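1. Sequence first, predicted coordinates after that:
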Amino acid sequence: MVMLQTPRGTQDLLPETTRKWQKVEDLIRNLCDVYGYEQIRTPVFEDTRVFKRENDSSDMVNKEMYTFSVHGEDSLTLRPEGTAGVVRSFVQHKLYGAAEMPAKLYYLGEMFRYERPQKGRYRQFNQFGIENIGMKSPLIDAEVIALGYSIVKALGLNQVKVLINTLGDDQSRAAYRGVLKEHFQGCVQELCEDCRRRYEQNPLRLLDCKVDQEHPAMQNVPSLKDSLTEDSRQYFDQVLQALDDLQIPYEIDPRLVRGLDYYTHTVFEVVSTHPQSGSQATVFAGGRYDGLVEYFGGPQMSGVGFAMGLERLMILAEAEGVKLEEPRRLDVYVMALGEVGTLPLQLATECRAAGYHTEFNVLPRSLKAQFKSVDRHQTRVAVIAGEAEAAEGKVNVKFIDQQKQITIAQQDLIAVLDRYFERGECE
Ligand code: ATP
Ligand code: MG
């Protein structure tokens, strides 16, 4: 017999863990609601062209995609990120025509990347992300960072910092690409294979290299700052001013260029400074993008967003000692004593319909064993369906904290529970 297991780079989340996840997801949903972001759900797979745009130089697009075709149909890809699908949907449904702009959307779901699995890096993982599309303002860039930051803070993570940079407008980037081409011209052959490709496709991405950091040409690379147009410089200053005013601490990282090709102006990464976070320290990351709405056939519109890795968030929460465990709540346990047929199930169903978290005893067991179940869940009330009482349409109710037991008519059960749970009355 073969023992089948989860595929490499994937994991099962068991109930003990999903309880924690749900708590984090609730917190995320609440804060999105407060900030006026609404959820969008797009397919897990898309036409490959949604992700693979012309001449994209990112690793994600070039090496990490799960791409397949079934029965000779068009090529499909499991989504490696959320933004492209959201923007595709934004255009398909003409959300750009809404009376109120910008569109404020968030998503929460699985992403797939063919990567070398390690702690905090999986082949199927979950991202929460937001997209603010249709308006360009430094205030919105700051607002988006503020939302992500407030989630991390509300969760109780303290050891995080915002790294921020600007890529400037098209003109700034074009100027900087020229500067980089010139700078690396003499030594491009000494760089890694990826860098040689980046040099041709998008020299900006050279700064993103994790292999050649120590190369002298990397060490004294000219700063993008000097290629910025006056407008781009002002835009960035306003973003920073807004962060100052919101008291969000940040560090300017002139080497930060981010992995995707469509970014312009602001790019940021929020990283953990906790010693245990290691090299998988980025909690969420994003930036402003231009050209993406147009790529999908929409009008010229700018957007800004970020994606947050939920597995990493959970790992960091653990490392920082944030308590996410919540014991399973049980209000009522229905016991069975003697031949009572389906009565325990009936009573449990009534209690559940009234909103009480209820379990009932299924197989014949001693009263002592049943009380052990009551204790294990710290249940507040035990309802005892006994054979003799059942014959008279009655049932026993035991209030565990008070150590008090009463006998009542079955039809009064919910009223009795209501009085106890609302006002503490044991009668
Ligand atoms: P990295 O440099 O760590 O590969 P990235 O630049 O590829 O990150 P993004 O595409 O910006 O990451 O994704 C946003 C966030 O999603 C990351 O900051 C991280 O928290 C999370 N993430 C990315 N890839 C994975 C993965 N394979 N497993 C788990 N989380 C991931
Ligand atoms: Mg990556």
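-> Thanks, I have the structure now. Ligands and ions are numbered 1, 2, ... in the order given.
2. Counting by contacts, list what the helix or strand in which residue 195 is found packs against.
-> Here residue 195 sits within helix 193-201, counting by DSSP states H and E. Identification of packing neighbours for helix 193-201 by 3 or more C-beta pairs under 8 Å, 6 or more residues apart in numbering; DSSP states H and E yields no helix or strand. Placement of C-beta: from N, CA and C, glycine included.
3. which other residues reach it?
-> 55, 57, 59, 181, 184, 188-189, 191, 205-206, 208-209, 211-212 (C-beta atoms under 8 Å, 6 or more residues apart in numbering).
4. Using PyMOL, define a selection of the buried residues within these.
-> What follows is the PyMOL syntax for the buried subset of the contacts of helix 193-201, where burial is set by 16 or more other C-beta atoms under 10 Å:
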select buried, resi 57+184+188+191+205+206+208
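5. between the contacts of helix 193-201, which is closest to ligand 1?
-> residue 59 (7.3 Å; C-beta to the nearest ligand atom).
6. On the pLDDT front, check the closest one for me.
-> Note for residue 59: predicted pLDDT of 78.
7. After the longest helix anywhere in the chain, heading C-terminal, what element do we hit next?
-> Ranked by residue count, the top helix of the chain under DSSP state H comes out as helix 15-35. Downstream of helix 15-35, the first helix or strand assigned by DSSP H and E is strand 38-39.
8. ok, the helix or strand following that next one: who's next to it in the sheet?
-> Going down the chain from strand 38-39, the next helix or strand is strand 45-47, by DSSP H and E. Taking DSSP bridges as the criterion, strand 45-47 sits next to strand 76-78 (antiparallel) in its sheet.
9. surely residue 35 meets residue 147?
-> Yes: in terms of C-beta atoms under 8 Å, residue 35 counts as a neighbour of residue 147; the distance is 5.0 Å.
10. And these two? Which one has more around it.
-> In terms of neighbours (other C-beta atoms under 10 Å), residue 147 is the more surrounded of residue 35 and residue 147; the figures are 22 against 17.
11. pLDDT of the helix holding residue 195, averaged?
-> 86.
12. same thing with stretch 155-163?
-> Rounded mean pLDDT across stretch 155-163 is 93.
13. buried residues in it?
-> Those would be 155, 157, 160, 161, 162, 163, for stretch 155-163 by 16+ other C-beta under 10 Å.
14. Next: stretch 239-258.
-> In stretch 239-258, the ones that count as buried by 16+ other C-beta under 10 Å are 239, 240, 242, 243, 248, 250, 253, 256, 257, 258.
15. and the fifth one, what pLDDT?
-> When you say that, I think you mean residue 248. Looking at residue 248, the pLDDT reads 95.
16. Next, it: secondary structure please.
-> What DSSP: H, G, I helix; E, B strand; the rest coil gives for residue 248 is coil.
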